[in-house]
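1. The sequence isn't on hand, but the structure is:
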């Protein structure tokens, strides 16, 4: 069994995009509000269409509500994906490159992140919120809402060994497979 892992995280646009999708839609569940908005407006528009013979211009109002109810969430998701594409360009992730290095040790504050031109950051195992295994990557949330991406391709010894190591440090209750 390994006592430490040094992982040079090689990030590219696909890994970064997959993380943002996971973080936004599975971890933060940002899809709920646009969906709730769309459902409510569709219900209101259906009520208007049902009142077509009773109220003047009910069909027009129903159409307006339907367009707004479906259009705004569509624009929200389009802008989200546009922002992701812009971030990939801004971070120059069109080609894989070293993004940061993670050192995992048995020490109490044994999660150490090093990045070029930045000060090293240390995180405590006790403060780590959760680790999510999604396909061939682990998203280790070292603090509430703050994660490091650990692609298995960058882990010496393989992803299963890393997953076991994380389970021993965090406890099985803080591991989730997606």
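-> Cool, the structure landed. Source: prediction; values computed, not measured.
2. Can you show me the helices along the chain?
-> Along the chain, the segments classed as helices by DSSP state H run 13-21, 32-50, 58-90, 159-170.
3. nearest to residue 111, of those helices?
-> Residue 111 lies closest, by Cβ to Cβ, to one member of those: helix 159-170, at 8.7 Å. C-betas here are computed from N, CA, C, even on glycine.
4. If we go by neighbour counts, what in that closest one is buried?
-> Buried residues in helix 159-170, defined by neighbour count with 16 or more other Cβ atoms under 10 Å: 159, 162, 163, 165, 166, 169, 170.
5. Can you tell me the closest non-neighbouring residue to the most centrally placed residue in the chain?
-> The central residue of the chain, meaning the one whose C-alpha is nearest the mean C-alpha position (Cα atoms, centre = their mean), is residue 23 at 1.3 Å. In space, residue 23 comes closest to residue 147 once its chain neighbours are excluded; the distance is 6.6 Å by Cβ to Cβ, 6 or more residues apart in numbering.
6. avg pLDDT for stretch 168-178?
-> Computed over stretch 168-178, the mean pLDDT rounds to 94.
7. Tell me which residues of that stretch come out buried.
-> 169, 170, 174, 175.
8. Quick check: bridge partners of the residue lying closest to the third one once chain neighbours are set aside?
-> Once flanking residues are discounted, residue 174 sits nearest to residue 130: 4.9 Å by Cβ to Cβ, 6+ apart. The bridge-partner assignment for residue 130, based on DSSP bridges, gives residue 141.
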